[in-house]
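In: Here you go, sequence then predicted model.
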Amino acid sequence: MAGAAPANALRRLWSGPGWPRWTLGASIAATLALLAAVVWEHGGPSAVWRHWQAGPVRALVVEPFTGPPQWAEPLRDAVIDSLAHIPNLAILPKPAGPEVVTGVLRVSVERSPNRIRMSAEMRNVDGYPYWQRTFDRPIADLPDLPRQIADAVRHGLRRKTKPYRPALAPYDLYLEGRYHFDHADDGGLPTAVAKFESAAQLDPNFAEAWAWVSIAREYLADRGAVRPNLELPEAREAADRARALEPESAAAYLALGINDLQYDWDWEKARRELDRAIQLSPGWPLAAYWRQRWEQAMGHAPEPPFSFANLPPIQNPDDARRLLQNADDIRVETYISAAALAMVANRIHDTGDTFRWLEQAYDERCVQLPYILRDPAMPHGDPRFDDLMRRMRLGGTE
């Protein structure tokens, strides 16, 4: 029998003259003890067995980096950006179901004036380690580290072309911008714009900085904090510059796609730009989010909720009427989105002011306008509404 051969060989080894039985027994016992310790350290027998049975990793959860948040959080963003270039790897906020082999990336960050140390490990969801590595570098090498960690994740697969490497000073400003962008809910967007602009001015060839100048400006407009037809032309110029510097930059295509969607209202071009961003960075959640926003603008999905900056609280219809009565004077000092005022007027069924502010939103290129026009509560069927939809090329859009 074929299955008897290993057993017979073991019996010969056990009984042969070359090995005392007690020595071999002790060796086998030590080996089994070591194997058991390794197995339990890596999550137990079931975890190891599932690891051996599993196919290639198709998804990755990047846990919050540990360390000072002003460095750990933007460095995590930069690593995710690099990971998004890996084909067939989805970046997820939490582990997928058992049908998708998911890895977990954990990184700690320590920074001193002269050095940066990032300790990274990748495990499966059961705790079985794929690899562990410490990146201890001079501080001047900081811009290389996110890409090096991504390279470790993809097991040495390198990009075909050498990416642009900014100097430390503009890269530091870029990371600070990403940190403040991540804290937009705390009022960080204006600071993010300033940091990205400083990085781009310090290194005019830094394409990612130009792309994020555009993205951060577009987010200011998306929150109703700035007048779009004053802010977004500069965002468009920054996005164009980013793509000219780095034609394969996913961030540049994302910035262009957002601008086409939110400001130019060029629906087909926006779709192409956003699809290209996803093609270049298949696992990038931000690109997927804006592709979904395109679907919402087209009426293929429910419109997103908006939180308008500078809009005073409205508790009752009297508050709404008072705001609409004083809106022109308020907007001289503090910008309030015309789209927001149109929504306020429509809520109290003031059709005259609704169309007045819808037209003002159209003139200002308010980025929220395509979405709020999809609201069923808007005066659909009114000839003025149909004319506005036609001018925006939204009627019958596929």
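Out: On my side now, so go ahead. Numbers count the residues shown, from 1 in each chain.
In: Where do the domain boundaries of this protein fall?
Out: With domains defined by automatic domain parsing, the chain comprises 59-153, 189-297, 317-391.
In: Distance of A152 relative to E73?
Out: Taking C-beta to C-beta, to the nearest Å as the criterion, A152 is separated from E73 by 20 Å. Any C-beta I mention is one placed from the backbone N, CA and C, and that applies to glycine too.
In: Any idea which helix or strand in this protein has the lowest mean pLDDT?
Out: Among the secondary structure pieces of the chain, namely its helices and strands, helix 4-15 has the lowest mean (mean pLDDT, DSSP states H and E), a mean of 34.
In: Assign a three-state SS to Q132, would you?
Out: Each residue gets one of three states, and Q132 gets strand by DSSP: H, G, I helix; E, B strand; the rest coil.
In: before we move on, what about the one 4 residues further on?
Out: Applying three-state DSSP to D136 yields a three-state assignment of strand.
In: Contacts only, for it.
Out: When the contact criterion is C-beta atoms under 8 Å, 6 or more residues apart in numbering, the partners of D136 are 115-117.
In: Thought L142 was touching D172, still the case?
Out: Yes. With contact defined as C-beta atoms under 8 Å, D172 reaches L142; the gap is 7.4 Å.
In: where's the nearest residue to L202 once chain neighbours are set aside relative to A200, distance?
Out: In space, not counting the residues next to it along the chain, L202 is nearest to P170; the distance is 4.3 Å by C-beta to C-beta, 6 or more residues apart in numbering. Applying C-beta to C-beta, the value for P170 to A200 is 8 Å.
In: how about the strands in this structure?
Out: In the chain, strands defined by DSSP state E lie at 59-62, 90-92, 102-111, 115-124, 129-138, listed in chain order.
In: Nearest to P305 among these would be which one?
Out: When those are compared for distance to P305 using C-beta to C-beta, the nearest one is strand 90-92, at 23.2 Å.
In: Tell me the most packed of the contacts of D136, by neighbour count.
Out: When neighbours are counted by other C-beta atoms under 10 Å, I116 leads the contacts of D136 with 20 neighbours.
In: if I pick that one, what's in contact with it?
Out: Contact analysis of I116 by C-beta under 8 Å, 6+ apart lists 109-110, 135-139, 141-142, 145.
In: now swap in C366 and tell me
Out: The contact partners of C366, by C-beta under 8 Å, 6+ apart, come to 224, 228, 337-339.
In: okay, and for the protein, where does confidence drop off?
Out: For the chain, residues meeting the criterion pLDDT under 70 lie at 1-56, 98-99, 128-129, 155-162, 396-398.
In: Just the residues contacting stretch 305-324, thanks.
Out: For stretch 305-324, the external contacting residues (C-beta under 8 Å, 6+ apart) are 223-225, 330, 334-337, 339-341, 344-345, 347-348, 350, 353, 368, 371-372.
In: And for stretch 197-215?
Out: 164, 166-167, 169-171, 173-174, 177-178, 181, 192-193, 196, 235-236, 238-239, 241-243, 245-246, 249, 251-252, 254-256, 258-259.
In: What subset of those is buried?
Out: Applying 16 or more other C-beta atoms under 10 Å to the contacts of stretch 197-215, the neighbour count classes 166, 170-171, 173-174, 177-178, 181, 192-193, 196, 235-236, 238-239, 241-243, 245-246, 249, 251-252, 254-256, 258-259 as buried.
In: How about Y179: what's its closest non-neighbour residue?
Out: Using C-beta to C-beta, 6+ apart, the closest residue to Y179 is P74 (4.2 Å).
In: And that neighbour, how far from E176?
Out: The value you get for P74 to E176, if C-beta to C-beta is used, is 7 Å.
In: circling back: can you put the strands of the chain in CSV and add distance to N326?
Out: As requested, the strands of the chain are exported to CSV (distance: least, C-beta to C-beta, whole Å):
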stretch, distance to N326
strand 59-62, 47
strand 90-92, 46
strand 102-111, 49
strand 115-124, 52
strand 129-138, 57
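In: Leaving out the residues flanking it, which one is nearest to R76?
Out: Using C-beta to C-beta, 6+ apart, the closest residue to R76 is F65 (4.5 Å).
In: got a list of what that neighbour touches?
Out: When the contact criterion is C-beta under 8 Å, 6+ apart, the partners of F65 are 72-73, 75-76, 107-109.
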